[in-house]
Structures are given as structure tokens and as C-alpha cells.
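Q: Compute the structure for the input listed below.
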Amino acid sequence: MDYTVRTLSPQESRVVLALAEKKQRQVDRTEIIELLGVKAKAADKVIDSLRRKGWLERASWGKYLVIPPDEGPDAVGETNLLALASRITDNYYIGYGSAAAHYGLTTQHRKAIIIVTPAHLRGRQVGEGRVRIVNPKPQKFFGFGPVDILGYKVLMSDREKTAIDCIDRPALAGGVGEAVAILATASRRLDWPRAIDYLERINSTALVRRFGWVTDHVKADMLADIRERLLRLAARGPQTWMGPNPARKVRGAIGYDKTWRLFVNVPRDELRESAGLGHRKALKKDA
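A: Reported below is the predicted structural model:
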């Protein structure tokens, strides 16, 4: 493969070799200015050239991801876009459909990367992707930690919080049908006590009822005491719904479920394929 596009000038080589020696995966504009010992304008020309040649990718103003020599000029793909998006703010996590895709809970590929943060920022274009900013309620900003994305540490909701978030706001997961499928797939590997602890912490009866109804719908394999704990959490408060407000009549809606005191205002056909999905086992290959 021809990599002449990444041929470097002496100053560019100085930057790349210094970063490679330190195994540094991100760099600030000020670091490059200090490294080269030149004025900011001259350093900016070097930075612009390194970006054109595929050695640096802009994450936010004055901050860049380093594309190592062994990854080639096409290294900034969908996965590295997560690393780029994460540099927008320090207080964040990647969540909802973006996290579900990372964990293999969905086959949908979305152009938007969802950043959950208390910071009031605007969405923006990053590389070839678009970043959508979601500002959560304070009691919902938890349940995340670092994951490795091609050598970069990125904060992402864990599997339990991802499944709960998707049920909480299905529009950020591809719709109700996709959110239910995500929970069904996740249910096979969920830490159930942790998931229930998370639901208690969020303290939303409506969310508990939706989550509980979905676990029944997909026939998630959970212990009886876990389900009883969910039912106790769902006992208080008025009736709630999943999908559009029942004031808006949805043709073919599943209707009211007395166990969870939930009106499922979603067409039965939309959730047909996810019925029992959490209980299905992988087929054994023929010997």
C-alpha cells in the first residue's frame, strides 16, 4: 500500500517521532508549540499539514488525537470517532445507541455519536461523524467508566446502564422496538442486582414499569427474587405508559398490562420479533 501521503518534513517528523516515543495518543496545540520551539503561527502550519497527511485528527479546539504510524492514513474510522467525540468535554459518557453498538447489543449503525454530559454544549461535526449532546437529570448521570477504544480511554455507560438508558429514552436508541431488542440482547449478560440498584437510584416508577414489562416480554432469565424486587419498586404511583401518551391512539397497540400497571402504546407488530428474545439460546453446531 502506498503511504507517500504520510511523508514528513523535518519539523513534522520531530513531532511524530516525539509523540511515538512517548506512546502519546493525544496532544495539545501548546505542546506542539513548545516541542518545536516556534511561534504559534508556524506550529499551526505544521499541525495543519499533519492533519492533511493523516497523522493528527482534531478532537476539539487545540486538541488532537495522534494516529500512530502502524495504523495508516485511514485509521480514523467509526471506532476512533468515539475517541474523537470524547475529547469535547471531560465530564461525560458515551451512551444510548452509541454504547449499545459498542457492546454489540444492536446492529444499527448511526451517524450520530451520543455524548451524555451536564455541560451545556452544542452538537458538532467530528471527523466524518456528528456528535449529539444529551443533558441528563442529575440523578441519571452515573453508571459509566473507562473502556479502551484503540488505545484511547473513553468513558462509556456500562452494559446495565446502557440497557436502562435505552428503555428510558428509546428515541436515542433507534425507537421503542430497537430499545426493547437492546435490553433483550443485554439481558443474557446483565448483572441483575446492579441493574436494580441503578433503577432504585434513578427513582422513576415509570422507568421501572417499562423495564419490568420488557423483561417479561423478552422472557429475560432472571431470578424470582429479582423480579419480585422490580414489582415492589413498580407498586407505588399512578398508572404509566410506554410509547406515545395514550391520549394519542396507536393502531394495534398492545394495551394495558395489569401486572406492571403499564399501558403499552406500541403496535404489537413492532415488538413481535423481540418476544422471547432474551430467553433464546445459541443453537449448537452439528458435530
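Q: and the closest residue to L233 other than its chain neighbours, what does it touch?
A: Leaving out its chain neighbours, the residue that sits closest to L233 by C-beta to C-beta, 6 or more residues apart in numbering is V208, at 4.6 Å. The C-beta positions use only the backbone N, C-alpha and C, and glycine is treated the same way. With contacts defined as C-beta atoms under 8 Å, 6 or more residues apart in numbering, the neighbours of V208 are 199, 230, 233-234.
Q: Identify the residues contacting the residue lying closest to V16 once chain neighbours are set aside.
A: Distances taken as C-beta to C-beta, 6+ apart put W55 closest to V16, at 5.7 Å, once the chain neighbours are dropped. With contacts defined as C-beta under 8 Å, 6+ apart, W55 is in contact with 6, 8, 12, 15-16, 66-67.
Q: want to throw the residues you listed into JSON lines with secondary structure and distance to P170?
A: Shown next, in JSON lines, are the contacts of W55 (DSSP: H, G, I helix; E, B strand; the rest coil; distance: C-beta to C-beta, whole Å):
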{"residue": "R6", "secondary structure": "helix", "distance to P170": "43"}
{"residue": "L8", "secondary structure": "coil", "distance to P170": "48"}
{"residue": "E12", "secondary structure": "helix", "distance to P170": "47"}
{"residue": "V15", "secondary structure": "helix", "distance to P170": "45"}
{"residue": "V16", "secondary structure": "helix", "distance to P170": "44"}
{"residue": "V66", "secondary structure": "strand", "distance to P170": "37"}
{"residue": "I67", "secondary structure": "coil", "distance to P170": "35"}
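Q: Please, which helix or strand holds the residue nearest to L233?
A: For V208, the enclosing helix or strand under DSSP states H and E is helix 205-217.
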